[in-house]
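Participant: have a look at this fold, sequence not included:
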């Protein structure tokens, strides 16, 4: 038990603890913003999903950087995140009965983007992650109504042809 306590105290005294804490809070906040938009739009992947994806991605990268991994090691971590998120994203895409009818592509892309933002946060590039979060929110919230004007079919229609199912 004494060893556990020493590890806890060493972690608190670590000068990187504040930086790690800020990154974790940023991952939660940025993931929550994207997740809020998705949840407000009635999509299946909402706040909790996006927070977990963003925070999890950030934590994998933070752990690698804190414990001194080389850039090759961090590259492998990032490759693993991207591969794993691909499986999660694929699970959110549904092929319906119509030959070309697919739904969930935007949800999948949003989860993928949340992971990219988490990786960016984990690497310590909070300004870039913040900008990417705002751009993602803008794309999801502001550009969505424009697809009706330009006739863009991004594959997020439900069986009735409505764009509100993801």
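Facilitator: It's in. Note that the structure is predicted; figures quoted are calculated from it, not measured. Numbers count the residues shown, from 1 in each chain.

Participant: in this structure, which helix is the longest?
Facilitator: helix 17-40 (DSSP state H).

Participant: tell me what that helix is packed against?
Facilitator: Counting contacts by 3 or more C-beta pairs under 8 Å, 6 or more residues apart in numbering; DSSP states H and E, helix 17-40 is packed against helix 47-66, helix 105-122, helix 126-141. C-beta here means a position set from N, CA and C on the backbone, and glycine is covered the same way.

Participant: mind redoing it with 10 Å?
Facilitator: When contacts are defined as 3 or more C-beta pairs under 10 Å, 6 or more residues apart in numbering; DSSP states H and E, helix 17-40 sits against helix 2-13, helix 47-66, helix 105-122, helix 126-141.

Participant: what residues sit buried inside that helix?
Facilitator: 20, 23-24, 26-28, 30-39 (16 or more other C-beta atoms under 10 Å).

Participant: contacting residues around the residue nearest the centre of the chain?
Facilitator: In the chain, the centroid-proximal residue (C-alpha atoms, centre = their mean) is residue 114; its distance is 1.6 Å. In this structure, residue 114 makes contact with 27, 30-31, 33-35, 38, 45, 49-57, 85, 132-133, 136, judged by C-beta atoms under 10 Å, 6 or more residues apart in numbering.

Participant: to what extent is residue 71 buried, counted in neighbours?
Facilitator: 8 (other C-beta atoms under 10 Å).

Participant: ok, it to residue 116 distance?
Facilitator: Separation of residue 71 from residue 116 (C-beta to C-beta, to the nearest Å) stands at 18 Å.

Participant: quick one: least confident helix or strand in this structure?
Facilitator: Using mean pLDDT, DSSP states H and E, the weakest-scoring helix or strand in the chain turns out to be strand 94-95, at a mean of 60.

Participant: and the longest helix of the chain, what's its mean pLDDT?
Facilitator: Per-residue pLDDT over helix 17-40 has a mean of 95.

Participant: tell me the angle of it relative to helix 126-141?
Facilitator: Using axes from the mean of the first three to the mean of the last three C-alpha atoms, to 10 degrees, the direction of helix 17-40 lies 0 degrees away from that of helix 126-141.

Participant: chain center to helix 17-40: distance?
Facilitator: 9 Å (C-alpha atoms, centre = their mean, to the nearest Å).

Participant: what do you get for stretch 55-70?
Facilitator: The chain centre lies 16 Å from the centre of stretch 55-70; the measure is C-alpha atoms, centre = their mean.

Participant: kindly report the same for stretch 75-94.
Facilitator: 11 Å.
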